[in-house]
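Asker: need a 3D model of the sequence below.
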Amino acid sequence: MSALTETIALGRPRAAAARRGPSRNLDTLFRAGAYGAALLVLIVLAGILGSILYGGWPAFREFGFGFLTSSAWNVGTEQYGALVAVIGTVASAFLALLIGVPVSLGIAIFLTQLCPGWARRPVAMTIELLAAVPSIIYGMWGLFVFAPLFARFVQIPVSNVVEGLPIVGTLFYARVPSGVGVLTAGIILAIMIVPFIASIARDMLEQIPTVLRESAYGIGCTTWEVVRHVLVPQAAVSIIGAIMLGLGRALGETMAVTFVVGNANRLSASIFDPSSTIASRIANEFNEADGLQLNALMALGCILFVITFVVLIIARLLTRRVKAA
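Answerer: Numbers count the residues shown, from 1 in each chain. Next comes the predicted model:
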């Protein structure tokens, strides 16, 4: 018996050593692969930023800070400015969040709190299928179906009502009610970002322990109070992340916005009037651009990159503040 015990005791380190040999090699290979993947992403990101900065530098050098503050975009005189495109990008993305976030949170709360069990899965799958629709389909639907209806039933009646009124008469008056414009782009973008925000918010609300909800209901809270004081605070960080993900999608969307924003280089206080975004201007002109025009488009790409980077920083700060609260 003692001999058997000694054999096992002596054999165990050898077996462990035999197992540790290949395991260390595989672990080293795994670490190298993980580091390589992370490094590859950084290299690609640096390459993209460096290339667009190199391409846009002649425009920055030619126009200086005035490139950001000028609304001119004249190919004949080679005068270019980014102000219209930047304002159009920010305005359409803001409108998309203003419309899409309440709808997305409403969908998430309905699916997790109010939806009958038999309807939960079909409704969730339907919402998620919206994310699979190509953006060009949204753009074509927006231009040929939504825009004419929007012009007929919204732009024309609203313009007739608010014409001549202060503030609202400026914001909601369409000089040419064609259906396309900043608000139309914002609505189409809102439809596009709803699946992303709603899906993430729903998943996070489902992860909240059931005991928290039952405890709140047990002390007499209504559904609104449970959502307001229990669910939303618990999932606040994830909801902010989902909103920022939707904002990033809205800022960079190209084809759908190109169809419905109007592509007009014009500053207007009305959200019914056509405008342009950075992505739509690049999509419209990049194929035929040359010389300083091409440099200006590359400079617009740099500005869009900076805007998305600022959005990422804001998202980090918001999530950190919510975690600390």
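
Asker: let me know the next secondary structure element after the worst-scoring helix or strand of the chain on mean pLDDT.
Answerer: The weakest-scoring helix or strand in the chain, judged by mean pLDDT, DSSP states H and E, is helix 2-63 (a mean of 78). Downstream of helix 2-63, the first helix or strand assigned by DSSP states H and E is helix 66-69.

Asker: buried sites along that next one?
Answerer: Phe67 (16 or more other Cβ atoms under 10 Å). For the C-beta atoms, the positions are set from N, CA and C on the backbone; glycine is no exception.

Asker: packing partners of it?
Answerer: Applying 3 or more Cβ pairs under 8 Å, 6 or more residues apart in numbering; DSSP states H and E, one finds that helix 66-69 contacts helix 83-109, helix 292-324.

Asker: just say which of the ones you listed is most tucked in.
Answerer: With neighbours taken as mean count of other Cβ atoms under 10 Å, these reach their highest mean count in helix 83-109, at a mean of 21.

Asker: by contact count, what packs against that helix?
Answerer: helix 66-69, helix 182-207, helix 236-252, helix 278-285, helix 292-324.

Asker: right, so of those helices, which gets closest to Arg121?
Answerer: Nearest of the helices and strands packed on helix 83-109 to Arg121, taken as Cβ to Cβ: helix 182-207 at 11.8 Å.

Asker: quick one: mean pLDDT over that closest one.
Answerer: Mean per-residue pLDDT for helix 182-207: 93.

Asker: show me what it is packed against.
Answerer: So helix 182-207, by 3+ Cβ pairs under 8 Å, 6+ apart, packs with helix 83-109, helix 117-129, helix 135-141, helix 147-150, helix 236-252, helix 255-260.

Asker: Phe63: which of the ones you listed is closest?
Answerer: Between Phe63 and those, the tightest spacing by Cβ to Cβ is seen for helix 83-109, at 11.4 Å.

Asker: that closest one to helix 117-129, inter-axis angle?
Answerer: 160 degrees (axes from the mean of the first three to the mean of the last three Cα atoms, to 10 degrees).

Asker: starting at the chain centroid, how far to helix 83-109?
Answerer: Relative to its parent chain, helix 83-109 has a centroid offset of 9 Å by Cα atoms, centre = their mean, to the nearest Å.

Asker: for the nearest residue to Leu114 once chain neighbours are set aside, give its distance to Thr112.
Answerer: Spatial nearest neighbour of Leu114, chain neighbours left out: Thr223 (7.2 Å); criterion: Cβ to Cβ, 6 or more residues apart in numbering. According to Cβ to Cβ, to the nearest Å, Thr223 and Thr112 sit 11 Å apart.

Asker: what sits against the residue nearest to Gly262 when sequence neighbours are not counted?
Answerer: In space, and not counting its chain neighbours, Gly262 is closest to Pro274: 2.1 Å by Cβ to Cβ, 6+ apart. Residues in contact with Pro274 (Cβ atoms under 8 Å, 6 or more residues apart in numbering) are Ser178, Val180, Gly181, Val182, Val261, Gly262, Asn263, Ala264, Arg266.

Asker: if we go to 6 Å?
Answerer: Contacts for Pro274 were tallied using Cβ atoms under 6 Å, 6 or more residues apart in numbering; they are Val180, Gly181, Gly262, Ala264.

Asker: and those residues as a markdown table, adding neighbour count?
Answerer: Putting these into a markdown table (neighbours: other Cβ atoms under 10 Å) gives the following:
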| residue | neighbour count |
| --- | --- |
| Val180 | 28 |
| Gly181 | 29 |
| Gly262 | 25 |
| Ala264 | 16 |
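
Asker: ok, Val194 touching Ser104?
Answerer: Yes: with contact defined as Cβ atoms under 6 Å, Val194 counts as touching Ser104 (5.0 Å).

Asker: re earlier: the more surrounded of Thr223 and Thr112?
Answerer: When Thr223 is set against Thr112 and neighbours are counted by other Cβ atoms under 10 Å, the residue ahead is Thr112, at 22 against 14.

Asker: fine by me, thanks again.
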